[in-house]
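> Turn this into a model:
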Amino acid sequence: MKIKIIHLEDILIAEIQSEEIEIRNAQDALDILANCSYQGAYCIIIREHNIIPGFFDLKTGIAGDVLQKFSTYNVRLAIIGDFSKYTSKSLYDFISESNRVGRINFVDSLEHAKEALLKFEK
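Reported below is the predicted structural model:
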């Protein structure tokens, strides 16, 4: 896993670059969060394929456990992916509500991830 630090306006954003699953549980998320915040980035971009598929099945509780870490430590997150393939209404509602609040964003591109993270920080 590589962490690329993006300087955007006055904000540091950590972009996780990997082809592997990096988040399997809350501890993995906490490790990434700590590593990024140590580098001064309190906004993180990660891709859907870096997160265990069970995250997107809300019944597993993985999403709640993982996202609670970001909330607790006041770190913003943008997840890039194609979420239209998921048919769960509860997941759709969860994604919509998360995007509305703005702390966690589910987006379709790197540019939209940057925009979402910047918007909340201003």
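
> so how far is residue 67 from the nearest residue to residue 42 once chain neighbours are set aside?
Nearest residue to residue 42 in three dimensions, chain neighbours excluded: residue 75, at 5.1 Å (C-beta to C-beta, 6 or more residues apart in numbering). For glycine as for every other residue, the C-beta is placed from the backbone atoms N, C-alpha and C. Counting by C-beta to C-beta, to the nearest Å, the gap from residue 75 to residue 67 is 10 Å.

> For the residue nearest to residue 42, which residues are in contact?
Contact analysis of residue 75 by C-beta atoms under 8 Å, 6 or more residues apart in numbering lists 33, 36, 37, 42, 43, 44.

> any chance of the residues you listed in CSV, plus neighbour count?
As requested, these are exported to CSV (neighbours: other C-beta atoms under 10 Å):
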residue, neighbour count
33, 23
36, 23
37, 17
42, 19
43, 25
44, 24
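
> which one of these is nearest residue 87?
Within these, the smallest distance to residue 87 is 27.2 Å, found for residue 44 (C-beta to C-beta).

> what are the pairing partners of the helix or strand harbouring the closest one, and which direction each?
Assigned by DSSP states H and E, residue 44 belongs to strand 43-47. According to DSSP bridges, strand 43-47 forms sheet pairs with strand 11-17 (parallel), strand 76-80 (parallel).

> Would you mind measuring from the nearest residue to residue 98 once chain neighbours are set aside to residue 2?
Take residue 98 and drop its neighbours on the chain: the residue closest to it by C-beta to C-beta, 6+ apart is residue 104, 4.4 Å away. Distance from residue 104 to residue 2, counting by C-beta to C-beta: 22 Å.
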